[in-house]
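Colleague: Sequence first, predicted model second:
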Amino acid sequence: MLNNIIAIYKPKGPTSHDIIDEIRKITGERRVGHAGTLDPLARGVLVIGIGRDATKKLSEVVKKEKEYIAEITFGVESLTDDAEGEKTQRNIKESPSRETIEKILAKFIGKIQQTPPIFSALKIKGESAYRKARRGEKIKLKPREVEIKSVEVLKYEWPRLMLKVITGPGVYIRALARDLGQALGVGGYLSDLERTRVGEFKKEDALNLNQLRN
């Protein structure tokens, strides 16, 4: 624990806010916050601040570099850009080679314009985009400048691609999966995601909730 800032390993299933609620129950402290949301289907490092001073410092943690292991499934598109959404099968005549994928991936490295997923917590006129999307409202989010520092192909066996991705703040790995699939002309969605590091907070140092209870 660093000045009441800790790394929790969030499992698949609960929301980041569910973890916050559980930590409030465990510690009895109401002022608990996190630095960087993990979607329910994602797992990995969630940095938590406990107490007023710690939660104030989370704004600095949010800016830190993040590392992910991501699995992308090609040939299928998802309304939410991940495994949760309604899916549409694409008719693929030829699967791209690893060399083609690596060549296209290179275009996503550096400072890029990225359009967030419509099913996201971004606010539109004070309301989360995902709430509007669930009501069937037409949503158009503006691209934002983000930085992807590096992308490494760990494994590729059609239709699945496994990547190690290092990013700056504000990057949506779901959007990277969607955009890579579109750039390759085959479609794709994020089928699995693990965040392995946030700045100096690493997966191997992260606590689970049972450890915190004890």
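Modeller: All right, it came through fine. Numbering: from 1, shown residues only.
Colleague: For the helix or strand where residue 197 lies, list the C-alpha coordinates in CSV.
Modeller: Assigned by DSSP states H and E, residue 197 falls within strand 188-198. Once non-C-alpha atoms are left out, strand 188-198 reads as follows in CSV (Å, rounded to 0.1, in the frame of the first residue of the first chain):
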residue,chain,number,x,y,z
GLY,A,188,-13.4,-7.7,-35.0
TYR,A,189,-14.3,-7.3,-31.4
LEU,A,190,-12.4,-7.5,-28.1
SER,A,191,-13.1,-11.0,-26.8
ASP,A,192,-10.9,-10.9,-23.7
LEU,A,193,-8.9,-8.2,-21.8
GLU,A,194,-6.5,-8.2,-18.8
ARG,A,195,-4.9,-5.1,-17.5
THR,A,196,-1.5,-6.2,-16.2
ARG,A,197,0.0,-2.8,-15.1
VAL,A,198,-0.9,0.8,-14.3
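Colleague: after it, next one along is what?
Modeller: strand 201-202.
Colleague: That next one - contacts with which helices or strands?
Modeller: strand 43-50 (3 or more CB pairs under 8 Å, 6 or more residues apart in numbering; DSSP states H and E). For glycine as for every other residue, the C-beta is placed from the backbone atoms N, C-alpha and C.
Colleague: follow-up on the earlier one: what is the rounded mean pLDDT of the strand holding residue 197?
Modeller: Strand 188-198 shows an average pLDDT of 98 in the prediction.
Colleague: can you give me the angle it makes with strand 43-50?
Modeller: Counting by axes from the mean of the first three to the mean of the last three CA atoms, to 10 degrees, strand 188-198 lies at 50 degrees to strand 43-50.
Colleague: biggest strand in the protein by residues?
Modeller: Counting residues, the longest strand found in the chain (DSSP state E) is strand 144-157.
Colleague: in this structure, which helix or strand is least confident?
Modeller: helix 129-134 (a mean of 64; mean pLDDT, DSSP states H and E).
Colleague: Pull the residues that contact the longest strand of the chain.
Modeller: 65, 69, 98, 101-102, 105, 108-116, 161-171, 176 (CB atoms under 8 Å, 6 or more residues apart in numbering).
Colleague: Using ChimeraX, define a selection of the buried residues within these.
Modeller: Of the contacts of strand 144-157, the buried ones go into a single ChimeraX selection, burial set by 16 or more other CB atoms under 10 Å:
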select :69,101,105,108,112,114,116,161,162,163,165,166,167,171,176
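Colleague: In strands only, show me the contacts of strand 144-157.
Modeller: 69, 110-114, 161-167.
Colleague: Low-confidence bits of the chain, can you list those?
Modeller: 1-2, 120-134, 136 (pLDDT under 70).
Colleague: per-domain residue ranges of it.
Modeller: Using automatic domain parsing, the domain parsing of the chain gives 5-63+200-213, 66-197.
Colleague: Pull up the gap between residue 20 and residue 13, please.
Modeller: Look at residue 20 and residue 13: by CB to CB, to the nearest Å, they are 15 Å apart.
Colleague: Correction: the previous question concerned residue 68.
Modeller: 18 Å.
Colleague: Out of the two, name the residue with the larger neighbour count.
Modeller: Neighbour count, other CB atoms under 10 Å: between residue 68 and residue 13, residue 68 has more, with 22 against 9.
Colleague: Looks like that one contacts residue 195 (just checking).
Modeller: Yes: counting by CB atoms under 8 Å, residue 68 touches residue 195, with 5.3 Å between them.
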